[in-house]
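Asker: let me see the structure of the following:
(chains A, B and C)
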Amino acid sequence: MPELPEVETVRAGLARWVAGRTIAEVEVRHPRAIRRHLPGSAHFAALLTGRKILDVKRRGKYLWLPLDSGDAILGHLGMSGQLLCQPASAPDELHLRVRLRFTDGDPELRFVDQRTFGGLAVSEGGADLPAEIAHIARDPMDPEFSDAGFAAAIRAKRTEVKRALLDQTLISGVGNIYADEALWRAQLHGVRPTSALTKPAAARLLGHVRDVLSEALDSGGTSFDALYVNVNGESGYFDRSLNVYGREGEPCRRCGTPIRREAFMNRSSYYCPHCQPRPRVRTGSRSRTNVP
DNA sequence: CCTCATTCCTGCGGGC
DNA sequence: TGCCCGCAGGAATGAG
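Answerer: Alright, predicted model coming up:
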């Protein structure tokens, strides 16, 4: 599942392979892949044809490719999206959704996405920062990310710490896998109330988030089910280093206690029940949050 | 304004 | 063997 490290791996690959090249032809194979581009596929193609890609940028899990027109191609990989640079002679992938051909020939750029949670759009005038993602927070690898601002914002939230890590308007780039990994390192249970975090605790948590993301980036990103591959079609391998995610029943690498999985927001959370104890039930009038 | 549940999608694997 | 169901999950959306 592409989170910040995987998307950054794709960004770097794209920057190498498509920056500076001029788009010759656009083929939209599945309308859902450009559903965020409301005017439709003909308009999408018209805005791209003949335009030069200047660069490849990223904020959190979003990518955008500034064009010489001042517009940008805005993309999100969703769960299963891939941006592949392939020779035109390579057979079409089963889930090929969009193809861009260039004036200088190979390689072409293919957006391939099995589950179609991802997609592409043209952000008009979005070369600098697409308006569509202006509400997304900077990510923790961004030099302008404010650590103090993050600590203040998370403490002001009236929610649980894992939900906050997944809130892209608070901190971007973190998904379910790295949220669980960071919480394990920080020895915090995901249901702890954010308002009870001290400033130092918030700073420590942020440090663990950064560590997890940068280590994963060094490894080329996580690939869990081979759906994610980087721009050249090569899987990442950070999954070897995961401490809790997907390890239900296996011993905690810190204390040996079996890792637990529990339902969370239509997905799963993995944690060590010994290292990451649930918070004590809050006193007062609110309902209990504990389960046996 | 803030928080939260719901919804989109497809392939795979387990259970019967 | 084959069918059904649950699961994987980011983020827009609308409800409250």
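
Asker: hmm, stretch A:171-189 in reach of DNA strand C?
Answerer: Yes. Interface with DNA strand C: stretch A:171-189 contributes A:172, A:175-177 (C-beta under 7 Å from any atom of the strand). Just so you know, the C-beta spots here come from the backbone N, C-alpha and C atoms, and that holds for glycine as well.

Asker: reformat these into JSON lines and put secondary structure, distance to A:R32 and pLDDT next to each item.
Answerer: Converted to JSON lines, those look like this (DSSP: H, G, I helix; E, B strand; the rest coil; distance: C-beta to C-beta, whole Å; pLDDT from 0 to 100):
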{"residue": "A:S172", "secondary structure": "coil", "distance to A:R32": "24", "pLDDT": "95"}
{"residue": "A:G175", "secondary structure": "coil", "distance to A:R32": "21", "pLDDT": "93"}
{"residue": "A:N176", "secondary structure": "helix", "distance to A:R32": "23", "pLDDT": "93"}
{"residue": "A:I177", "secondary structure": "helix", "distance to A:R32": "25", "pLDDT": "92"}
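
Asker: closest to A:Q86 among the residues you listed?
Answerer: A:G175 (26.4 Å; C-beta to C-beta).

Asker: what's the closest non-adjacent residue to the closest one?
Answerer: A:E3 (3.9 Å; C-beta to C-beta, 6 or more residues apart in numbering).

Asker: does the one you found touch A:K61 like I think?
Answerer: Yes. Counting by C-beta atoms under 8 Å, A:K61 is a contact partner of A:E3 at 6.4 Å.

Asker: what is in contact with those two at once?
Answerer: A:173, A:175 (C-beta atoms under 8 Å, 6 or more residues apart in numbering).

Asker: before we move on, the earlier item: Throw the residues of stretch A:171-189 next to DNA strand C into CSV and include distance to DNA strand B and neighbour count, thanks.
Answerer: Listed next are the residues of stretch A:171-189 next to DNA strand C as CSV, based on distance: C-beta to the nearest atom of the strand, whole Å; neighbours: other C-beta atoms under 10 Å:
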residue, distance to DNA strand B, neighbour count
A:S172, 16, 24
A:G175, 14, 21
A:N176, 12, 19
A:I177, 16, 23
